[in-house]
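Participant: All I have is the shape, not the residue letters:
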């Protein structure tokens with residue numbers, strides 16, 4: 001039997017592989033095991049979306065459906081144009097056909113279906129030189145048109161980021177999944193089977209491991225398991241990932257084990273190592289770690305305490321060997337510079353810390369291991385992983401996929417990146433907390449941070465307190481300002497429908513979001529409706545939050561999402577379209593000054609939030625520097641030279657990336673800076689503390705530190721200084 005095979009079932013995303021198999025591959029290599037990996041979602045897409053693949057698809061649709069009755073029927077009428085252009089589109093999205101952009105962006109090359117109805121004059125957005133982006137956006141609409149036709153006809157389960165999601169959603173019983181798995185093979189199932197077979201042609205693995213991060217991956221994984229059981233009964237199958245971790249913690253139905261042999265929970269490294277030890281005979285006592293399996297026809301869960309877990313610091317860098325990295329497609333589903341990051345670009349994915357350092361939010365699954373067990377890595381180890389991934393993949397872009405990356409960890413990682421002179425770009429998920437002050441945000445930008453995403457949730461003081469978010473609207477505004485002023489894009493996760501949230505609070509929350517966009521503090525956002533889960537504080541104690549659990553009745557399989565009534569709250573569902581419509585417009589710079597009622601097809605109250613709420617939060621007095629013990633003044637990639645004397649001042653030239661700025665500084669301060677430059681230069685290891693320097697400089701000009709902070713020269717100089725705790 002061959003090496004274990006780790007597979008990403010269809011479908012997660014087109015632009016970069018989901019990282020679970022790469023994490024496990026790196027770990028298994030560390031433990032002395034070779035492994036293979038693949039992405040069945042990418043395999044399926046590339047199997048269909050090429051010239052011969054489209055010909056077969058169109059033939060199948062014409063044979064099975066009356067084209068005249070299809071909403072997307074005009075695509076069939078233009079099938080020859082799609083067949084002629086599909087290879088160019090895929091090559092362009094794979095960054096292999098650069099010059100095609102000019103023809104695509106002109107708007108007369110690609111056939112256009114219903115998705116193009118939303119396109120008007122895009123020059124206002126892409127300008128005259130945004131040819132590549134405009135072409136990528138058109139290609140994305142082109143693919144989405146084809147996806148709409150597929151869903152309408154031979155592939156109702158198909159989607160570019162999910163496959164048969166409806167089958168697995170809230171599957172308290174395995175019965176509907178079993179029915180779907182035993183239906184007659186559909187067109188896309190046959191494509192999936194064809195792609196799976198390729199991994200068995202040269203070598204039959206001893207174990208196939210499926211990562212199932214979302215409900216939209218479950219059907220594909222189990223369908224593959226069904227075929228493997230039929231044609232390769234000697235091969236063992238394991239399933240793990242986010243779906244199992246959240247949904248299957250009370251599993252008792254044995255029927256799922258007709259398709260898999262093991263289901264693992266939480267971090268997969270320990271469980272899969274024990275399974276492999278059993279398969280190669282070194283685990284003679286059949287000791288398992290956090291694993292479901294069948295024993296005499298019954299589902300048993302084993303979590304042997306004698307088997308050690310592996311700390312975050314012990315784990316090596318992911319390994320992407322075997323994944324088709326150059327074949328992924330960079331798409332733009334929305335022409336927004338922040339929102340596109342999820343789908344555009346090949347990002348190496350890393351985790352700064354295991355779990356969440358806050359772990360208090362009442363809507364969150366804080367009782368589960370992946371959030372509740374917090375463990376930081378070291379900056380040195382983390383940047384070692386970054387360098388290992390750059391060496392392997394050639395990519396210098398990173399997405400830190402934490403629940404919420406700790407500010408102190410990001411600070412240390414940024415300093416380590418700068419110490420090594422590592423030129424990278426990265427983005428991360430954070431909490432909008434006060435630790436992200438202007439100095440820290442500027443440091444992150446110096447080290448390559450291009451964007452952050454964070455949970456604002458419900459922009460209502462009362463609801464934020466109920467959520468136990470640990471932030472205020474005022475703090476969010478100031479934190480966003482610090483990021484934006486450092487050139488970092490900001491995305492907010494937004495929630496509506498939290499228990500007891502009223503109509504007024506929903507509208508007031510939207511007004512706060514509008515003001516954040518109006519003041520250029522947000523670049524994008526995403527609304528989602530509150531979902532009560534069994535692992536959250538709300539799900540465990542709904543009475544405390546004023547809601548009533550109404551179902552569903554657990555029947556042996558999945559148990560996560562809970563139905564509930566909110567007798568004290570609004571009718572939350574009716575606000576969905578209006579909230580999303582408003583946000584979509586704001587993300588494109590449209591409708592910022594429109595009355596909120598314009599986005600709803602029913603009457604809403606006027607917001608009670610003052611229209612200057614956010615503006616007042618971000619208006620700052622001249623900078624007051626608090627005492628910061630243990631901090632250092634640092635200059636990054638800045639050089640200083642002295643110029644001519646002007647009365648009691650001296651010209652100081654600040655040389656930086658964007659040019660040179662001349663500042664007039666009191667002579668004694670200028671000379672002090674020149675003489676002690678090495679004490680501030682980060683590349684030489686700064687030695688001068690913040691408090692000592694402030695006191696000394698204020699004494700040189702015979703002013704108090706508070707008076708000095710208000711001087712124009714100080715505020716100009718401060719733009720280049722970082723106050724960092726080293």
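Facilitator: Looks like it arrived, so ask away. Keep in mind that this is a model prediction, so the values were computed, not measured.

Participant: low-scoring stretches of the chain, by residue?
Facilitator: 121-125, 127-129, 284, 620-629 (pLDDT under 70).

Participant: how about the strands in the stretch 251-400 of the chain?
Facilitator: Taking DSSP state E, counting those that start in this stretch, the strands of the stretch 251-400 of the chain run over residues 262-264, 291-295, 298-302, 348-350, 353-354, 375-376, 397-400.

Participant: Would you mind putting these into JSON lines with mean neighbour count and distance to residue 226 alongside?
Facilitator: Every residue, glycine included, has its C-beta placed from N, CA and C. Putting those into JSON lines (neighbours: other C-beta atoms under 10 Å; distance: least, C-beta to C-beta, whole Å) gives the following:
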{"stretch": "strand 262-264", "mean neighbour count": "24", "distance to residue 226": "15"}
{"stretch": "strand 291-295", "mean neighbour count": "19", "distance to residue 226": "16"}
{"stretch": "strand 298-302", "mean neighbour count": "14", "distance to residue 226": "19"}
{"stretch": "strand 348-350", "mean neighbour count": "23", "distance to residue 226": "30"}
{"stretch": "strand 353-354", "mean neighbour count": "20", "distance to residue 226": "33"}
{"stretch": "strand 375-376", "mean neighbour count": "15", "distance to residue 226": "37"}
{"stretch": "strand 397-400", "mean neighbour count": "21", "distance to residue 226": "33"}
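
Participant: between those, which one is nearest to residue 391?
Facilitator: strand 348-350 (11.0 Å; C-beta to C-beta).

Participant: tell me which strands and helices the closest one is in contact with?
Facilitator: The contact analysis (3 or more C-beta pairs under 8 Å, 6 or more residues apart in numbering; DSSP states H and E) places strand 348-350 against helix 379-393, strand 397-400.

Participant: Quick one: residues in contact with that strand.
Facilitator: 16, 19, 22, 317-318, 320, 382, 385-386, 389-390, 393, 395, 397-401 (C-beta atoms under 8 Å, 6 or more residues apart in numbering).

Participant: Residue 9: which of the strands of the stretch 251-400 of the chain is closest?
Facilitator: Per C-beta to C-beta, nearest to residue 9 of these: strand 262-264, 14.1 Å.

Participant: Off-centre distance for the closest one?
Facilitator: Chain-centre distance of strand 262-264: 26 Å, with C-alpha atoms, centre = their mean, to the nearest Å.

Participant: Show me what it packs onto, helices and strands only.
Facilitator: Short answer (3+ C-beta pairs under 8 Å, 6+ apart): strand 262-264 packs on strand 236-240, helix 269-279, strand 291-295.

Participant: Just want the angle from the longest one to strand 291-295.
Facilitator: Just to be clear, that refers to helix 269-279. 30 degrees (axes from the mean of the first three to the mean of the last three C-alpha atoms, to 10 degrees).

Participant: Helix 269-279 vs strand 236-240, what angle?
Facilitator: 170 degrees.

Participant: for residue 88, what are its contacts?
Facilitator: 97, 100.

Participant: Can you tell me the element it falls in?
Facilitator: Assigned by DSSP states H and E, residue 88 belongs to helix 79-93.

Participant: Can you get me a residue count around residue 13?
Facilitator: For residue 13, the number of neighbouring residues by other C-beta atoms under 10 Å comes to 18.

Participant: Spatially, what comes nearest to it if we skip its sequence neighbours?
Facilitator: residue 161 (5.7 Å; C-beta to C-beta, 6 or more residues apart in numbering).

Participant: Check the gap between that neighbour and residue 114 for me.
Facilitator: The gap separating residue 161 from residue 114 is 19 Å, by C-beta to C-beta, to the nearest Å.

Participant: what's the answer for residue 573, then?
Facilitator: Residue 573 is 26 Å from residue 114, by C-beta to C-beta.

Participant: Repeat that for residue 108.
Facilitator: Taking C-beta to C-beta, one finds residue 108 at 18 Å from residue 114.

Participant: Can you lay out the helices and strands packed on strand 348-350 as CSV showing distance to residue 248?
Facilitator: Below are the helices and strands packed on strand 348-350 laid out as CSV (distance: least, C-beta to C-beta, whole Å):
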stretch, distance to residue 248
helix 379-393, 30
strand 397-400, 27
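
Participant: so which of those comes closest to residue 251?
Facilitator: Nearest to residue 251 among those is strand 397-400 (31.0 Å), distances taken as C-beta to C-beta.

Participant: sorry, back to before: helices or strands next to the helix or strand following the helix holding residue 88 in the packing?
Facilitator: Where DSSP H and E defines the elements, the next helix or strand beyond helix 79-93 is helix 100-105. Packing partners of helix 100-105 (3+ C-beta pairs under 8 Å, 6+ apart): helix 79-93, helix 131-152.

Participant: How about residues contacting stretch 470-488?
Facilitator: 358, 360, 431-434, 436-438, 440-442, 444-445, 449-452, 456, 459, 461, 464, 489-490, 512, 516, 519-522, 613-614, 617-618.

Participant: can you give me the strands in the stretch 401-550 of the chain?
Facilitator: Counting by DSSP E, counting those that start in this stretch, the strands of the stretch 401-550 of the chain are 425-430, 449-457, 489-496, 524-529, 532-533, 548-551.

Participant: partner strands of the fifth one, parallel or antiparallel?
Facilitator: Strand 532-533 sits in its sheet next to strand 561-565 (antiparallel), going by DSSP bridges.

Participant: Name the residues that touch the strand it pairs with?
Facilitator: By C-beta under 8 Å, 6+ apart, strand 561-565 touches 169-170, 499, 531-534, 539, 542, 547-552.

Participant: just to revisit the earlier point, got the strands of the stretch 251-400 of the chain as CSV, with distance to residue 475 columns?
Facilitator: Output for the strands of the stretch 251-400 of the chain, formatted as CSV (distance: least, C-beta to C-beta, whole Å):
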stretch, distance to residue 475
strand 262-264, 39
strand 291-295, 43
strand 298-302, 42
strand 348-350, 27
strand 353-354, 22
strand 375-376, 23
strand 397-400, 22
